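K.L.:
give me coordinates for this.
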Amino acid sequence: MAQRIEVFVVDDDAAVRDSLRWLVESANHPATAFADGDTFLNAFQPQGPGCVVTDVRMPGMDGLSLLKQTVQRSRMMPVIVITGHGDIQMAVEAMKDGAFDFVEKPFEEKDLLNIIEAAITESTERFRRRDRDGGLWARLERLSPRENQVLECLVDGMSNRNVAQTLSISEKTVEAHRAHIMEKMDAASFADLVSQVVKSRMAPTDDRR
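P.N.:
Residues are numbered from 1 along each chain as shown. The predicted structure follows:
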């Protein structure tokens, strides 16, 4: 049975919020809209593939804080961040914090829909991988956004010093994150850790003949 796809829209502007919801529904995807990040997070319990579309500038919890908390709660749902003209630096920060993509205002509807479709495809793949090896994905979901960043750098072959420079943190902090990652992933060695990450990235092949 196919899993239900749902797109979550978070924007404090009612007109923009409704416009985004209608746009998503025009592509035959169910959409649920929220006026602020707190309300969204209180209701956020993803049961199937989808994505989150959020504005970056909102009163109270901004889009970057929402992104971080969403990633902490679930690796299953890609987050798309919508930014204004003056928010490029924020967009870069969002990508570092795990955003799937960012869209600069004003945007073409078809461009946003293409990114949403790509995010849904990615989310669907993540659910398939989780179902294939639930234990591995359960361990991956224990990692914080920063630990995920450190892990990606380490798996890409970076030294602790290079990771520290890339993420603008100290080597001691990298070492601490590395130890926490090894513990959370229940890795017997660094080679075992790399093997687990590679396995998590492998796409299922039984339905791709």
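K.L.:
only C-alpha atoms for contact and neighbour calcs from this point on.
P.N.:
Will do.
K.L.:
identify all contacting residues around the lengthiest helix in the chain.
P.N.:
In the chain, taking DSSP state H as the definition, the longest helix is helix 109-132. For helix 109-132, the external contacting residues (C-alpha atoms under 8 Å, 6 or more residues apart in numbering) are 5, 23-24, 27, 48-51, 75-80, 100-101, 103, 136-138, 200, 202-204.
K.L.:
show me how the chain divides into domains.
P.N.:
According to automatic domain parsing, the chain comprises the domains 6-132, 134-201.
K.L.:
Serialize those domains to CSV and add fields for mean neighbour count and mean pLDDT.
P.N.:
Formatted as CSV, these follow (neighbours: other C-alpha atoms under 10 Å; pLDDT from 0 to 100):
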stretch, mean neighbour count, mean pLDDT
domain 6-132, 18, 88
domain 134-201, 16, 86
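K.L.:
surely M182 is in contact with V194?
P.N.:
No: between M182 and V194 there is no contact under C-alpha atoms under 8 Å: 10.3 Å.
K.L.:
quick one, strands of this protein?
P.N.:
Along the chain, counting by DSSP state E, strands occupy 6-10, 31-34, 50-55, 79-83, 101-104.
K.L.:
ok, which of those comes nearest H177?
P.N.:
strand 79-83 (23.8 Å; C-alpha to C-alpha).
K.L.:
show me the contacts for L140.
P.N.:
L140 touches 184-185, counting by C-alpha under 8 Å, 6+ apart.
K.L.:
quick one: distance of stretch 171-184 to the chain centre.
P.N.:
The chain centre lies 21 Å from the centre of stretch 171-184; the measure is C-alpha atoms, centre = their mean, to the nearest Å.
K.L.:
quick one: S123 from T173, how far?
P.N.:
S123 sits 31 Å away from T173, taking C-alpha to C-alpha, to the nearest Å as the criterion.
K.L.:
ok, which stretches of the protein are helices?
P.N.:
Under DSSP H, the chain gives helices at 14-26, 37-43, 63-73, 88-96, 109-132, 134-140, 145-155, 160-167, 171-184, 190-201.
K.L.:
and those helices as TSV, adding distance to D55?
P.N.:
Output for the helices of the chain, formatted as TSV (distance: least, C-alpha to C-alpha, whole Å):
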stretch	distance to D55
helix 14-26	9
helix 37-43	10
helix 63-73	6
helix 88-96	11
helix 109-132	13
helix 134-140	27
helix 145-155	20
helix 160-167	24
helix 171-184	30
helix 190-201	29
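K.L.:
among these, which is nearest R57?
P.N.:
Of all these, it is helix 63-73 that lies closest to R57, at 6.1 Å by C-alpha to C-alpha.
K.L.:
what is the closest one packed up against?
P.N.:
helix 37-43, strand 79-83, helix 88-96, helix 145-155 (3 or more C-alpha pairs under 8 Å, 6 or more residues apart in numbering; DSSP states H and E).
K.L.:
what angle separates that helix from strand 79-83?
P.N.:
180 degrees (axes from the mean of the first three to the mean of the last three C-alpha atoms, to 10 degrees).
K.L.:
other residues contacting helix 63-73?
P.N.:
Contacts of helix 63-73 (C-alpha under 8 Å, 6+ apart): 37, 41, 54-57, 77, 79, 81, 90, 94, 97-99, 141, 143-145.
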